[in-house]
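J.: Pasting a predicted model and its sequence here:
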2 protein chains.
Amino acid sequence: MKTYTIKEISQLFQLPSSTLRYYEEMGLLKNVDRTPSGQRIYTEDHIGCLKAICCFKRAGLTITDISRFFTLEDNEFTNIDEILALLYKHRTHMEQKLEEITADLIHINEKIAYHEAIKKAIAENRELPSWREFMD
Amino acid sequence: MKTYTIKEISQLFQLPSSTLRYYEEMGLLKNVDRTPSGQRIYTEDHIGCLKAICCFKRAGLTITDISRFFTLEDNEFTNIDEILALLYKHRTHMEQKLEEITADLIHINEKIAYHEAIKKAIAENRELPSWREFMD
DNA sequence: ATAGCACTTCAAGTATACTTGAAGTCAAGC
DNA sequence: GCTTGACTTCAAGTATACTTGAAGTGCTAT
């Protein structure tokens, strides 16, 4: 089975090695084996785990939240209802985020249009537009 | 012109009053007038400003970043190029976030499908599906 | 008029997530 | 064999964004 050094994982996920050690200490990365000299050995499982961590982090979950979820997943069968409940909640949360960001993009594009108009007006030495023109 | 108390703003944006005072201290909310007894009076301008703050925060900007941006906007005409550059960068960043979240939603939906299949299998006392079936 | 509550300032405290530093180990190249 | 660089542990430090506490002021209802 393919294995990875801490440096490879670090580059793969754009996370400093110290953060990977920290995640392990916090219980997010479990069963990280060592070489005889003590260096960490990561597997595909850890890559899958880190993908989930990054996904959860983007969703705004704390390390503690993520740790709790992984702990539930360790006993998938007995905790299946709780796991599903969390996942549903999480999905709803992400859908809301999607809407927020979509709205924010509209907001930014308005701001850009307004400032581009100002720039153009300055370049042409014309009268400056008012924010109202862009909001109405 | 319509004005608002700190409580009204607090409720409108779902932010504690202490946070509004903090934002003012950090220079994000400027020109907040006071009643003769010293209580804050907010205007529509502050609402617009807070909308931008929330938008920028969702985008991952720090208080310092936001403060810098507002400072540039105070001299809109002289800083127009810098403002536009920041806005373009910000838009690109938001578009990336949108993609990430879209990908994350797919990830979550896969996880949900997998756990729903497990739940179903448990209920029907059938053999449990493997994660592979859902990833291939 | 007095109790209560919402506000005020200012300083200090807290939570989260890392990050850094010190001191040491190990493998590889010159 | 000795330096160099990447790793290790463990403890302490830092950054960011609030949050809380203390002490005081001023409307508002009983």
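T.: Arrived safely. Residues are numbered from 1 along each chain as shown, chains lettered A, B, ... in the order given.
J.: Touching, A:I6 and A:Y42? I think so.
T.: Yes. A:I6 lies in contact with A:Y42 (CB atoms under 8 Å); the separation is 7.2 Å. (C-beta placed from N, C-alpha, C; glycine too.)
J.: Return the set of buried residues in stretch A:71-79.
T.: Neighbour counts over stretch A:71-79 (16 or more other CB atoms under 10 Å in any protein chain shown) mark A:72-73, A:79 as buried.
J.: A:I6 and A:Y42: which is more packed in?
T.: Taking other CB atoms under 10 Å in any protein chain shown, A:I6 and A:Y42 do not tie; A:Y42 has more neighbours (23 against 19).
J.: Bridge partners for the more buried one, pull those for me.
T.: A:Y4 (DSSP bridges).
J.: Quick check: it vs DNA strand C, distance?
T.: Note on A:Y42: its distance to DNA strand C, by CB to the nearest atom of the strand, to the nearest Å, is 17 Å.
J.: quick one: contacts for that residue?
T.: By CB atoms under 8 Å, 6 or more residues apart in numbering or on different chains, A:Y42 lies in contact with A:3-6, A:8-9, A:29, A:32.
J.: For these, which single residue is the most surrounded?
T.: Neighbour max across those (other CB under 10 Å) = A:L29, 21 neighbours.
J.: Same list, the contacts of A:Y42, but only the ones touching DNA strand D.
T.: On the criterion CB under 7 Å from any atom of the strand, A:5-6 are the entries of the contacts of A:Y42 that sit beside DNA strand D.
J.: and which of the contacts of A:Y42 is nearest to B:G60?
T.: Of all the contacts of A:Y42, B:G60 sits closest to A:I9, with 23.2 Å by CB to CB.
J.: For the closest one, which non-adjacent residue is spatially closest?
T.: Leaving aside its chain neighbours, A:I9 sits nearest to A:Y42 (5.1 Å; criterion: CB to CB, 6 or more residues apart in numbering or on different chains).
J.: Give me the pLDDT for the one you found.
T.: As predicted, A:Y42 sits at a pLDDT of 97.
J.: ok, now how distant is it from A:K2?
T.: Taking CB to CB, to the nearest Å as the measure, A:Y42 falls 10 Å from A:K2.
J.: swap in A:L72?
T.: Separation of A:L72 from A:K2 (CB to CB) stands at 28 Å.
J.: try A:I122
T.: Going from A:I122 to A:K2 by CB to CB gives 57 Å.
J.: neighbour count winner among the two?
T.: Comparing A:I122 with A:K2 by other CB under 10 Å, the one with more neighbours is A:I122, at 15 against 7.
J.: Angles on the backbone of that one, please.
T.: Dihedral pair for A:I122: phi -60, psi -50, per degrees, to the nearest 10.
J.: One more: A:R40?
T.: According to degrees, to the nearest 10, A:R40 has phi -70, psi 140.
J.: In this structure it contacts A:E8, no?
T.: No. Using CB under 8 Å, A:R40 is not in contact with A:E8, being 10.5 Å away.
J.: Could you export the contacts of A:Y42 as CSV, including pLDDT?
T.: Supplementary listing: the contacts of A:Y42 in CSV, determined by pLDDT from 0 to 100:
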residue, pLDDT
A:T3, 95
A:Y4, 97
A:T5, 97
A:I6, 97
A:E8, 96
A:I9, 97
A:L29, 97
A:V32, 97
